[in-house]
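Trainee: Show me the folded form of this:
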Amino acid sequence: MADGRLSNTAAPNPSVIGKPVSRTDGPIKVCGRAPYAAEYEVPDLLHAVVVGSTITRGKILSIDTAAALALPGVVEVITHANRPHAALFSLSYLDTVSPPGRPFKPLHNADILFDDQPIAIVIAETYESARDGAALVTATYRKRSHHTDYSARKDRAYKPLIPRFGIASPPKERGETDAAFDAAPLKVDATYETAANHHNPMEMFATTVAWQGDGKITVYDKTQGSQNVQLYLKQALGFKMKNVHVVNAYVGGAFGSGLRPQHSAFLAVLAAKAMQRSIRLMLTRAQMFSLAYRPDTTQTVGLACDADGRLQAVRHTAIAATSRHEDHQETVVNWSGMLYASPNARFGHKLVKVDTVSPTDMRAPGAAIGLFGLESAMDELSYAAGLDPLDIRLRNYVDHEQITDRAFTSKALKSCYSEGADRFGWWGRTPEPGSMRQGRERIGYGMAGGIWDARVAPMPVRARATWRADGGFEIAAAASDIGTGTYTILAQIAAEAFGVDAASVVVKLGDSTLPFNPVEGGSWMAASTGAAVHKACEKLKASLVKAARTHPGGEGLKRRDVTFADGFLSAPGFAAPVRIAEVIAGAGHAELSQTGTNLPDMLGERKHVGYAHSAVFVEARVDEDLGVLRLPRIVIAVAAGRILNPKTARSQILGGVVMGLGQALHEEALTDHRLGRLMNHNFAEYHIPANADVGDIEVIFVEEPDRQVSALGVKGLGEIGLVGVAAAVANAIFHATGARVRSLPITIDKIRDARPL
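Mentor: Numbers count the residues shown, from 1 in each chain. Sure, this is the predicted structure:
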């Protein structure tokens, strides 16, 4: 349904937590009835296309729009020179997840900050006219020297003065790291590099603005947070909050690219404001590459252990790219201080400014990078110590969080190791690199551990539960479902609370008018919004009991005496179970509704901390003549607390593993630094995993009851499936060939260059 309401129209499934309920949004998506941002039917609609700059840094001297305006169907071209009023100051362009610095202000002035920066919007009666008009817009510039080569500017790396909110700064040194490192008999000190990766969700960024007059707009936007976009548009374009209604009922993937409002939303609303008409704007696939990216990084990891393989010192420093105007920061190095026991550890994280758009979070930000360095170095140390890679990890297993000296809410990483290794057949591995062969292929077994935050959102999260006199049962929250299955698990939580089928629960999400939810990210949505739904249902039960006291036989009814099942309310005073709808109507109500609020446990977080863990096992096969790589199978064991729905949970982990394969083997932004321009901004040249690249992936969920991390015992699954994959792939390649590749992506030439032929 277009308003984001979902009910399961398939055959009813048991609606209890932990059962593999099919996705409630599956049927309408498969049938093409789920509208995405560029698909809403809006009357009196104009179409807009963005024109990007052709230089990387400088100033616009003039923009020639005459040819575009002369094209039939084109009604206007908006530039910085003729745009309607927008906020002047950077403060007005901040959103709830902005990093420190000055946010980019689209069409603000003539300054060019990065390649393909929006410089004009062509508006026309049809998309084709707008597209053709955009091709006719030309600009002249005064160029300034640019610097897009991150590696050439690492000598200018700096420590940001202001930490990013919600991102842990590198912790202080513990112990005497250098002295312990120097004294240790076995050590590894290596540099690891990761290339810039670009978000490429299936749905491109698009915004449809319905102009309603009187300063009111409805904005259908591709975003991970409708209320974040609502606030941004209010501040940046001067609308009243109550007059901006943002809808993102269906989102075709985002992976972090939609955490911040993208300039497609700003430009579409700016155009609607100028024309006083409805506008649709959709970016092209090439323009998607000019929005945001996972930054390039260089890490130096030093690990030192004693003769028994027990760590004595850990050193981990990282340098990452950021834009010239913002300090994008990620937690890259801290994982090295918490995954393994070490009495001495030192960390550092610096940034390098380049002339690009700002980086942004991309699935498992920081951890996907940092764990490639750490887990590769641990593998190297295992060979230096003559130990099995799994054995050295077990010898350095830690039972508490070392950085802040807090207890874990739970930690089942050892079970991940053992169950994953047994299922994979790890113990059939021979230790010597290159010792396992079949025909012309060298076979390697590699593994890595993983860790990711398990927490609820650091602000109040709300959800509403409503039962109507007509029998309808609805859950509502402004939460976003970006393809992760949020509709389904919230239906399950509500269904279990009342003993009904998930098919009977209508879930309404992705709408700024609904109860407050933060942006969907950090693997906290299930734990946070799920807990709010559970609390709303418990409050609704109390309201229903109160209403039932007016029913014959319900006098003096107490909550503890009432049970709910199959849409009925049962109590000792009732001759037979009574329909909940009848109770509501009998009490004179059209509906009963309650809102639940989940708050972070600030006091509890001082005592304990929650993380999800994983162990990834990879088989690599390398053709010894050509260096061609195959990965026929991967086993990943995950400890993520309570699994609400093993079917959707497995899908989450499968997606994370495939994305990890992309990071490990395929994805690499290639820039011509003479032009400052990204050259492979298409799927022909920017490689992502295809079906033929993905072998068998087996997912194991380790049982891990945990009632401290969240009210439902949920730890989240969005990121943990990705974090250890790249290192496990690299480690498997080393075991197969003896080639230690320390730079991502790992390509054929790197494998051939790193091993004797």
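Trainee: Contacts only, for the nearest residue to residue 214 once chain neighbours are set aside.
Mentor: Excluding the flanking residues, the one nearest residue 214 by Cβ to Cβ, 6 or more residues apart in numbering is residue 243, at 7.7 Å. All C-beta spots, glycine's among them, are computed from the backbone N, C-alpha and C. Contacts for residue 243 (Cβ atoms under 8 Å, 6 or more residues apart in numbering) come out as 214, 215, 216, 217.
Trainee: Assess the claim that residue 598 and residue 461 are in contact.
Mentor: Yes - applying Cβ atoms under 8 Å, one finds residue 598 in contact with residue 461, separated by 4.8 Å.
Trainee: how about residue 274, secondary structure?
Mentor: helix (DSSP: H, G, I helix; E, B strand; the rest coil).
Trainee: per-residue confidence for the residue nearest to it when sequence neighbours are not counted?
Mentor: Take residue 274 and drop its neighbours on the chain: the residue closest to it by Cβ to Cβ, 6+ apart is residue 84, 4.7 Å away. Note on residue 84: pLDDT of 96.
Trainee: how close does residue 84 get to residue 215?
Mentor: Plainly put, residue 84 is 13 Å away from residue 215 if you go by Cβ to Cβ, to the nearest Å.
Trainee: next one: residue 24
Mentor: Relative to residue 215, and taking Cβ to Cβ, residue 24 is found at 36 Å.
Trainee: Tell me which of those two has more neighbours.
Mentor: Shown here are residue 24 and residue 215; by other Cβ atoms under 10 Å, residue 24 has more neighbours (27 against 13).
Trainee: Just to check, that one is in contact with residue 489?
Mentor: No - taking contacts as Cβ under 8 Å, residue 24 lies outside contact range of residue 489: 9.5 Å.
Trainee: Please tabulate the contacts of residue 243 in JSON lines and include secondary structure as additional columns.
Mentor: JSON lines is the format used below for the contacts of residue 243 (three-state DSSP):
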{"residue": "214", "secondary structure": "coil"}
{"residue": "215", "secondary structure": "coil"}
{"residue": "216", "secondary structure": "strand"}
{"residue": "217", "secondary structure": "strand"}
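Trainee: Pull out the buried residues from the residues you listed.
Mentor: Buried by 16 or more other Cβ atoms under 10 Å: residue 217, out of the contacts of residue 243.
Trainee: care to break this structure down by domain?
Mentor: Structural domains annotated on the chain: 7-12+457-599, 45-144+199-288, 401-455+608-754, as defined by automatic domain parsing.
Trainee: Three-state assignment for the residue nearest to residue 274, please.
Mentor: Residue 84 - assigned by three-state DSSP - is coil.
Trainee: what's the distance between it and residue 375?
Mentor: The gap separating residue 84 from residue 375 is 51 Å, by Cβ to Cβ.
Trainee: Compare neighbour counts for those two and give me the winner.
Mentor: Ranked by neighbour count (other Cβ under 10 Å), residue 84 and residue 375 place residue 375 first, with 31 against 15.
Trainee: in what helix or strand does the more buried one lie?
Mentor: Assigned by DSSP states H and E, residue 375 belongs to helix 367-385.
Trainee: before we move on, what about residue 654?
Mentor: Using DSSP H and E, residue 654 falls within helix 646-661.
Trainee: And for that helix, what's in contact with it?
Mentor: 18-23, 255, 363-364, 368, 484-485, 488-489, 616, 631, 634, 636, 638, 640, 643, 689, 693-694, 697, 699, 701, 717-726, 729.
Trainee: quick one, helices of the stretch 551-700 of the chain?
Mentor: According to DSSP state H, counting those that start in this stretch, the stretch 551-700 of the chain carries its helices in the segments 580-586, 602-605, 646-661.
Trainee: And the longest one, how far out from the chain middle?
Mentor: This means helix 646-661. 13 Å (Cα atoms, centre = their mean, to the nearest Å).
Trainee: Same question for the first one.
Mentor: With Cα atoms, centre = their mean as the basis, the distance from the averaged C-alpha position of helix 580-586 to the chain average is 42 Å.
Trainee: what packs against that helix?
Mentor: Under the contact criterion of 3 or more Cβ pairs under 8 Å, 6 or more residues apart in numbering; DSSP states H and E, helix 580-586 touches strand 461-468, helix 525-548, strand 568-570.
Trainee: could you give the mean pLDDT of that helix?
Mentor: 95.
Trainee: Alpha carbons of it, as CSV, please.
Mentor: Taking C-alpha atoms only, helix 580-586 is exported to CSV below (Å, rounded to 0.1, in the frame of the first residue of the first chain):
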residue,chain,number,x,y,z
ILE,A,580,-10.9,-7.6,21.9
ALA,A,581,-12.9,-5.6,19.4
GLU,A,582,-16.1,-6.2,21.4
VAL,A,583,-14.4,-5.0,24.5
ILE,A,584,-13.3,-1.8,22.9
ALA,A,585,-16.8,-1.1,21.4
GLY,A,586,-18.5,-2.0,24.6
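Trainee: And the contacts of that helix?
Mentor: So helix 580-586 is contacted by 467-471, 498, 544, 547-548, 550-551, 564, 567-569, 590-592 (Cβ under 8 Å, 6+ apart).
Trainee: got it, and the shortest one?
Mentor: Counting by Cβ under 8 Å, 6+ apart, the neighbours of helix 602-605 from elsewhere in the structure are 455, 708.
Trainee: Just the buried subset of the contacts of helix 580-586, please.
Mentor: Here, 16+ other Cβ under 10 Å leaves 467-469, 498, 544, 547-548, 551, 564, 567-569, 592 buried among the contacts of helix 580-586.
Trainee: From those, which one has the minimum pLDDT?
Mentor: Lowest pLDDT of these: residue 551, 88.
Trainee: looking at it, that residue is touching residue 577, isn't it?
Mentor: No - judged on Cβ under 8 Å, residue 551 makes no contact with residue 577 at a distance of 11.5 Å.
Trainee: Show me what the helix holding residue 375 packs onto, helices and strands only.
Mentor: strand 186-194, strand 297-305, strand 311-323, helix 389-395, strand 441-453, helix 725-737.
Trainee: Convert it to CSV, retaining C-alpha atoms only.
Mentor: Taking Å, rounded to 0.1, in the frame of the first residue of the first chain, the C-alpha atoms of helix 367-385 are listed here in CSV:
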residue,chain,number,x,y,z
ALA,A,367,35.0,-2.1,11.4
ALA,A,368,34.9,-3.4,7.8
ILE,A,369,38.2,-1.5,7.3
GLY,A,370,39.8,-1.9,10.7
LEU,A,371,39.2,-5.7,11.0
PHE,A,372,40.8,-6.3,7.6
GLY,A,373,44.0,-4.9,9.1
LEU,A,374,43.7,-6.6,12.5
GLU,A,375,42.6,-10.0,11.3
SER,A,376,45.2,-10.1,8.5
ALA,A,377,47.9,-9.2,11.0
MET,A,378,46.6,-11.9,13.4
ASP,A,379,46.9,-14.4,10.6
GLU,A,380,50.4,-13.3,9.9
LEU,A,381,51.3,-13.6,13.6
SER,A,382,50.0,-17.1,13.7
TYR,A,383,52.4,-18.2,11.0
ALA,A,384,55.3,-16.4,12.7
ALA,A,385,54.4,-18.3,15.9
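Trainee: Could you list which residues are in contact with residue 744?
Mentor: If you count contacts by Cβ under 8 Å, 6+ apart, then residue 744 has 193, 194, 195, 372, 663, 664, 668, 726, 730 around it.
Trainee: ok, now residue 260?
Mentor: 95, 97, 98, 228, 292, 360.
Trainee: ditto for residue 624
Mentor: 437, 440, 441, 442, 737.
Trainee: Please pull out the lowest mean pLDDT helix or strand from the protein.
Mentor: strand 5-6 (a mean of 44; mean pLDDT, DSSP states H and E).
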